[in-house]
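1. Task: produce atomic coordinates for the following.
(one chain, ligands or ions: 2)
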Amino acid sequence: MLEDTPIKKFDANNDPAKLARIGVHVTKRLNANPLVQQVEHADAQLYLYQGFLSKADCKTLIKKIDADAVPSTLYKGTEQAGFRTSYSCHLNRWDTFVAKVEARMSDVLGIENDYAETMQGQRYQVGQEFKAHHDFFHPSQNYWEQEGPSGGQRSWTAMIFLNEPEEGGATEFPHLGLGVRPQAGMMLMWNNMNLDGTLNYKTLHTGTPVAKGVKHVITKWYRQNNWLEINTPKDS
Ligand SMILES: O=C(O)CCC(=O)C(=O)O
Ligand SMILES: [Fe+2]
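-> Residues are numbered from 1 along each chain as shown. Ligands and ions are numbered 1, 2, ... in the order given. The predicted structure is shown next:
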C-alpha cells in the first residue's frame, strides 16, 4: 500500500484544518438526516442512503454511461495493467438531468456542488474490477503537482449504485472489514480523511470483480477547495 513520506512543510492544498472542518460539517449534516444510515465503525465515517435514486433515474444514468463509456484511466505515474478494468465516462454537469442529481447529492452532504470534480459514470462487466486504492491524493506522487493546485485534496466520496449484478461487484473496505453489496439507487458516502483532517489510510477500498451480470455506478469526489471555480477558464 502506498504510504506518503510525511509532508515537511505546510501544503495549502492539503490542509488538515480545512479538511477537518469539512469532515465535521458533513458528518453533522448526515447524522441529522433520518434517511441516512451510518455504518458504525471506529476508524472511518461511512454512510448509506437507500433508495436515493428511483429505478427510472438509475436507468437514465445507465443509458448515458453506456453511450459514452470508454476504458477507465488512472492518474499519470500510477498506471498499472489490470488495476481498473471498467469502462467510464464523465457526466456533463450542465446537462439538466445530471445537474439535478448532483444538486440532490451535494445537498445531502451539505457541500457546495462546485467543490466536486466532474462526476464519473462507470460500468463493470464480468471480470472487471477496480483494485484496492484510496480516493484521496497521495501528495508524494507526481500527479499531486498538477492535482494539488487544481482543487486540493479530495475530502468525501459519494457513490451511487445504479443496478445489481447477480454475483460479485461489492465495494469492499479491507481494513475496515466492510463490504457493501450494490443495491440499485443506494448512495454510499465516506470521508477519505480522519476527523482531524489527516489522510485516512483505512479507507482503502476496491470495486471487486463482477462475477455475473453488470454493475453501473456513479462516483463523485469532493475537493478541499472550489474545484469548478479553479478549473473554469477565466475567459468563459
Ligand atoms: O465501483 C466500486 O465499487 C468502487 C469505485 C471506486 O472506488 C471509485 O470510483 O473510486
Ligand atoms: Fe475509489
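
2. Give the bridge partners for the most centrally placed residue in the chain, please.
-> Centroid-nearest residue in the chain, with CA atoms, centre = their mean: residue 157, separated by 3.3 Å. Judged by DSSP bridges, the bridge partners of residue 157 are residue 190, residue 221.

3. Make residue 1 into 10 and carry on from there
-> In the new numbering, first residue 10, that becomes residue 166.

4. now that we're looking at it, how far away is ligand 1 from it?
-> 6 Å (CB to the nearest ligand atom, to the nearest Å). Using the backbone N, CA and C atoms, a C-beta is placed for each residue, glycine as well.

5. again, but for residue 160
-> From residue 160 to ligand 1 the distance is 16 Å (CB to the nearest ligand atom).

6. tell me the phi and psi of the residue in the chain positioned nearest to ligand 1?
-> Nearest residue of the chain to ligand 1, counting by CB to the nearest ligand atom: residue 216, 2.8 Å away. Dihedral pair for residue 216: phi -90, psi 100, per degrees, to the nearest 10.

7. Read off the pLDDT value for it.
-> If you check residue 216, the pLDDT there is 97.

8. now it, nearest residue through space, not along the chain?
-> Once flanking residues are discounted, residue 216 sits nearest to residue 139: 3.6 Å by CB to CB, 6 or more residues apart in numbering.

9. just to revisit the earlier point, show me what contacts the residue of the chain closest to ligand 1?
-> 95, 131, 133, 138, 139, 178, 180, 224, 226 (CB atoms under 8 Å, 6 or more residues apart in numbering).

10. Against residue 170, how distant is the fourth one?
-> In this structure, residue 138 and residue 170 are 15 Å apart, going by CB to CB, to the nearest Å.

11. now do the second one
-> Counting by CB to CB, the gap from residue 131 to residue 170 is 11 Å.

12. list the residues that contact both of the two?
-> 225, 226.

13. Around residue 49, how many other residues sit close by?
-> 7 (other CB atoms under 10 Å).

14. Could you tell me which ones among the contacts of residue 216 also sit near ligand 1?
-> 131, 139, 180, 226 (CB under 6 Å from any ligand atom).

15. what helix or strand is residue 28 on?
-> Following DSSP states H and E, one finds residue 28 within helix 25-40.

16. which outside residues touch that helix?
-> By CB under 8 Å, 6+ apart, helix 25-40 touches 45, 47, 54, 56, 117-120, 161-162, 164-165, 198, 200, 202-207, 231, 233.

17. 10 Å - rerun?
-> 16, 19, 21, 24, 45-47, 54-58, 116-120, 124, 145, 161-165, 198, 200-209, 231-234 (CB atoms under 10 Å, 6 or more residues apart in numbering).

18. Can you flag the buried ones in those residues?
-> Using 16 or more other CB atoms under 10 Å as the burial test, these include 24, 45, 54-58, 117-120, 124, 145, 161-165, 198, 200-203, 206, 208-209, 231-234 as buried.

19. Contacts for the helix or strand bottoming out on mean pLDDT in the chain, please.
-> Ranked by mean pLDDT, DSSP states H and E, the helix or strand of the chain with the weakest confidence is strand 79-80, at a mean of 88. With contact meaning CB under 10 Å, 6+ apart, strand 79-80 is reached by 93, 94, 95, 96, 97, 98, 99.

20. got a list of what the third one touches?
-> With CB under 10 Å, 6+ apart as the criterion, the residues that contact residue 95 are 78, 80-81, 129-134, 137-139, 216, 219, 224-226.

21. Around ligand 1, which positions in this structure sit nearby?
-> 131, 139, 144, 180, 214, 216, 226, 228.

22. Type out the PyMOL command that picks the buried ones from the contacts of residue 95.
-> Selection of buried members from the contacts of residue 95 for PyMOL, criterion 16+ other CB under 10 Å:
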select buried, resi 78+81+129+130+131+132+133+137+138+139+216+219+224+225+226
